[in-house]
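okay, structure incoming, though there's no sequence with it:
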């Protein structure tokens with residue numbers, strides 16, 4: 001499987017395809033994921049996974065669902081960590097070769113585009 005896929009593929013589906021659940025892929029690292037990866041803590045139990053707290057559903061018993069101040073604080077802390085990564089990904093898209101269809105038959109060529117964009121973006125930052 002190529003490392004770059006279409007945007008219509010869900011993040012968690014892609015993660016399960018590349019990193020088989022039950023394997024010791026993330027045994028020695030902490031994963032900071034967003035709510036698109038709900039269920040990852042059950043599939044990758046040998047890993048410390050940090051997911052944001054999800055707001056409870058509205059119901060008759062709970063007409064005004066809210067998060068506790070502690071949960072909001074934890075979510076904000078996690079978002080501050082993740083936003084740096086999101087900005088780096090957005091910055092790499094500045095180099096339009098990642099945003100347009102690459103009409104090439106060499107699979108590794110796409111990975112070179114990604115690597116070059118990441119290197120140029122890091123060079124621009126520092």
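Received the coordinates, thanks. Source: prediction; values computed, not measured.

how many neighbours does residue 52 have?
Applying other Cβ atoms under 10 Å, we find 20 other residues in the vicinity of residue 52. Where you see a C-beta, it was placed from the backbone N, CA and C, and this is true even at glycine.

which residues of this protein fall in helices?
Secondary structure of the chain by DSSP state H: the helices cover 11-18, 40-43, 69-92, 107-125.

got those as TSV, with mean pLDDT, mean neighbour count and distance to residue 27 columns?
Output for the helices of the chain, formatted as TSV (pLDDT from 0 to 100; neighbours: other Cβ atoms under 10 Å; distance: least, Cβ to Cβ, whole Å):
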stretch	mean pLDDT	mean neighbour count	distance to residue 27
helix 11-18	87	14	15
helix 40-43	87	15	14
helix 69-92	89	12	21
helix 107-125	81	13	25
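
looking at these, which is nearest to residue 100?
Nearest of these to residue 100, taken as Cβ to Cβ: helix 107-125 at 10.0 Å.

chain center to stretch 117-126, what's the gap?
Its chain's average C-alpha position is 20 Å from that of stretch 117-126, according to Cα atoms, centre = their mean, to the nearest Å.

picking that back up, quick one: which of the helices of the chain is nearest residue 55?
With Cβ to Cβ as the measure, helix 69-92 is the member of the helices of the chain nearest residue 55 (9.0 Å).

what packs against that closest one?
With contacts defined as 3 or more Cβ pairs under 8 Å, 6 or more residues apart in numbering; DSSP states H and E, helix 69-92 has these neighbours: strand 30-32, helix 107-125.
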